[in-house]
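A.B. asks: this one's structure only:
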C-alpha cells in the first residue's frame, strides 16, 4: 500500500453539476505513465487532484500516503506543470523559475543555481534572462517544465506539455522528459494525442468522460486508433510550401491549406511528424503553432465505449 | 535531495518580492500614482485661486483614493492571480496558502498607504503651507490598511469581480460614512476621518480604532479562510 505513489479510491470530482472525474480507482507504483483522453475527458482534473489543487468530491486520493490538498509536506515531492500558458509574464524565465524554486523550499542561496540548472536542462540557457511575455509557445512550455523541475521533485505531473510546440522542440522535449524518467522520476504526463504519449511511454491510462476506460499497454489502443486518420494542424508563415512538400507523401490521406495553416490527415503519424520536422528545417519555415484536433480520438473512444455503435 | 517545504516567512518574502517586481514592470503603479496626484492638483488649483479650504474639505478629495487604490492594487492583483490561474503554480507548491495572501499584502498595502498618505501630505502642505498633523497621517495610513484588507477579502471571495466589487463596496462605504446615522460606525472612511480628528472637538481614539480593527478582522478572516479552501 505505502509503495504506491498515487492511490485513488472511488475518486470523483464535480464542478457544480458538471462531472470532472467519476469513480476512479487507480494505483500508480512509479515510472512514466501517460494519461490519454480527448479534451474535457478529465485528465487535467485528475492531475490537479494528484497535485493537491483540487479536492475529490467523493472518495479518497493519496500521494505517498498523504492527502495532497491538505498536506503541505507531500507537495514538496511534486513538480507540477499546468496545461495553461498563463504565468508571471513580467518576469524573466530565470526570475520565474528561481521564485518557484524558493516557493518549493529550495534555500534562497541555492534557488538561483537550481533555476539555471533546470532551465539548462530544458534547453533555455540562451533565453533565460528574457521576459516570459515575449516567449513562443515552445519556450513557454520549456519554462513551465523548468518550474516543475527546479526543486528536484520525485514526482512530476506534466499536463499537456507538448501542446502548441513546434516539431523540432517536440522531439527535444520528449527526449528530455524521457531522460527524467530514466533518472528514476515518477512522471504522469497527459495528452490527447496518442503519438505524443507513445513517444514517452508504453504505459497508459485511458480516460474518457471522467472515467478510466483502460489501463496498460499502449499497443492495443494504438491498433484501434490507427484505423482512423490522424489530423495535424500546423500554423506557419508559408503554408503552401509545407503543403506542397507533404502532399506527395503516401501516408497523407488529405491535406488542406488555410490562410496561415495547413491541416494534414495522415495514416502514419510517426512518419508525418518526422517529415514535418525535416521539412520545417529544410524549408526554413517559421512554425507558430502545431496542434492535433482530437475529433478522431473522440470517435475512437466512442467506438470503444460502444456509444458510436448505438448511434 | 528533495528540499523541506518553504517556511511561511520565506514564502511571504518571495511572494512580496515577485509582486513588487511585477508591479514595477507594469502600468498599474503609474496609473495609481496619477490618481493619487489628483487631490494634489486640486489643492494647487484652490491655492492658486486663493480660496479658503479646510483640511476637512480636502479630505473629501482623499476619500475616493481609499476606494480606488486598494481595488487597483490589492484586489486586482489577487483577483488576477486566481482568475488567470497563475495561482495553480502556487497551490501545487509546498507552501502555506495564507502566506500567499500575506505576501501580496506585505508588498501592496505599503504602496497604497504611501500613495494615500503622500497625497495627503502634499495637498495639505500646498493648501495650508503647513504639514498635516501626525494623527491625520496615521489615521489615513490605518484607513488605507483596512481598505487593503477589505480588498483582499473581497478579491479572495469573488476573484473575477474583485476590483469592481471593492470599488463598489468602498463607494457605498463613502456614502454610508457621511450619513448622520449609527450605521456609519462600520464605514472605513468615516472612522478614518474621526481618527484623523479633522472635525475638531474632543479627540476620540478608542471608537475608530476598535471599529477599524473589527472591519479589518472581518475581511482579513474572510480572505485568509477562503484562500485555504480555494481550488483551481
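C.D. replies: Thanks, I have it. None of these values were measured; they are calculated from a predicted model.
A.B. asks: count the neighbours of residue A:257 for me.
C.D. replies: The number of residues packed near residue A:257 is 14, by other CB atoms under 10 Å in any protein chain shown. C-betas here are computed from N, CA, C, even on glycine.
A.B. asks: ok, it - contacts?
C.D. replies: Residue A:257 is in contact with A:239, A:240, A:243, A:263, counting by CB atoms under 8 Å, 6 or more residues apart in numbering or on different chains.
A.B. asks: longest helix of chain B?
C.D. replies: Ranked by residue count, the top helix of chain B under DSSP state H comes out as helix B:97-128.
A.B. asks: identify the farthest-apart pair in the contacts of residue A:257.
C.D. replies: The widest separation within the contacts of residue A:257, taken as CB to CB, falls between A:240 and A:263 and amounts to 13.0 Å.
A.B. asks: more neighbours: those two, which one.
C.D. replies: The neighbour comparison of residue A:240 against residue A:263 (other CB under 10 Å) goes to residue A:263, with 16 against 10.
A.B. asks: so where's chain B uncertain?
C.D. replies: In the prediction, chain B carries residues with pLDDT under 70 at positions B:1-5.
A.B. asks: the stretch 1-150 of chain A now?
C.D. replies: A:1-2.
A.B. asks: mind running it again at 50?
C.D. replies: Counting by pLDDT under 50, the stretch 1-150 of chain A shows low-confidence ranges at A:1.
A.B. asks: one more: the stretch 201-311 of chain A?
C.D. replies: In the predicted model of the stretch 201-311 of chain A, residues A:309-311 satisfy pLDDT under 50.
A.B. asks: residues touching the residue in it that chain B sits nearest to, list them.
C.D. replies: Of all residues in the stretch 201-311 of chain A, the one sitting closest to chain B is residue A:210 (16.4 Å; CB to the nearest CB). Taking CB under 8 Å, 6+ apart, we find residue A:210 in contact with A:12, A:13, A:19, A:20, A:21, A:22, A:24, A:41, A:42, A:45.
A.B. asks: which stretches in chain B count as helices?
C.D. replies: Secondary structure of chain B, counting by DSSP H: helices at B:8-24, B:28-48, B:55-70, B:76-83, B:87-91, B:97-128, B:134-157, B:162-177, B:188-196, B:206-229.
A.B. asks: let me have the ones you listed in a markdown table, extended by distance to chain A and mean neighbour count.
C.D. replies: Formatted as a markdown table, these follow (distance: least, CB to the nearest CB, whole Å; neighbours: other CB atoms under 10 Å in any protein chain shown):
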| stretch | distance to chain A | mean neighbour count |
| --- | --- | --- |
| helix B:8-24 | 4 | 19 |
| helix B:28-48 | 11 | 16 |
| helix B:55-70 | 20 | 22 |
| helix B:76-83 | 9 | 22 |
| helix B:87-91 | 5 | 23 |
| helix B:97-128 | 9 | 22 |
| helix B:134-157 | 16 | 25 |
| helix B:162-177 | 17 | 20 |
| helix B:188-196 | 31 | 25 |
| helix B:206-229 | 9 | 17 |
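A.B. asks: okay, those helices in a markdown table with distance to residue A:146 next?
C.D. replies: Below are the helices of chain B laid out as a markdown table (distance: least, CB to CB, whole Å):
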| stretch | distance to residue A:146 |
| --- | --- |
| helix B:8-24 | 16 |
| helix B:28-48 | 27 |
| helix B:55-70 | 35 |
| helix B:76-83 | 20 |
| helix B:87-91 | 12 |
| helix B:97-128 | 21 |
| helix B:134-157 | 29 |
| helix B:162-177 | 30 |
| helix B:188-196 | 43 |
| helix B:206-229 | 26 |
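A.B. asks: which one of the contacts of residue A:210 is nearest to residue B:108?
C.D. replies: Nearest to residue B:108 among these is residue A:45, at 32.2 Å by CB to CB.
A.B. asks: any idea whether the closest residue to the closest one other than its chain neighbours is helix, strand or coil?
C.D. replies: Excluding its sequence neighbours, the residue lying closest to residue A:45 (CB to CB, 6 or more residues apart in numbering or on different chains) is residue A:20, at 3.6 Å. The three-state label given to residue A:20 by DSSP: H, G, I helix; E, B strand; the rest coil is strand.
A.B. asks: residue A:20 touches residue A:42, doesn't it?
C.D. replies: Yes: counting by CB atoms under 8 Å, residue A:42 is a contact partner of residue A:20 at 5.4 Å.
A.B. asks: centroid-nearest residue for chain B?
C.D. replies: Closest to where the C-alpha atoms of chain B average out (CA atoms, centre = their mean) is residue B:148, at 3.1 Å.
A.B. asks: leaving out the residues flanking it, which one is nearest to that one?
C.D. replies: Leaving aside its chain neighbours, residue B:148 sits nearest to residue B:109 (4.1 Å; criterion: CB to CB, 6+ apart).
A.B. asks: likewise residue A:166?
C.D. replies: Nearest residue to residue A:166, sequence neighbours excluded (CB to CB, 6+ apart): residue A:287, at 4.2 Å.
A.B. asks: OK, contacts around that neighbour?
C.D. replies: Going by CB under 8 Å, 6+ apart, residue A:287 touches A:166, A:167, A:234, A:235, A:236, A:280.
A.B. asks: phi, psi of it?
C.D. replies: Backbone torsions of residue A:287, given as degrees, to the nearest 10, read phi -90, psi 120.
A.B. asks: which residues does it bridge with?
C.D. replies: Counting by DSSP bridges, residue A:287 is bridged to residue A:236.
A.B. asks: and it, how far from residue B:186?
C.D. replies: According to CB to CB, to the nearest Å, residue A:287 stands 58 Å off from residue B:186.
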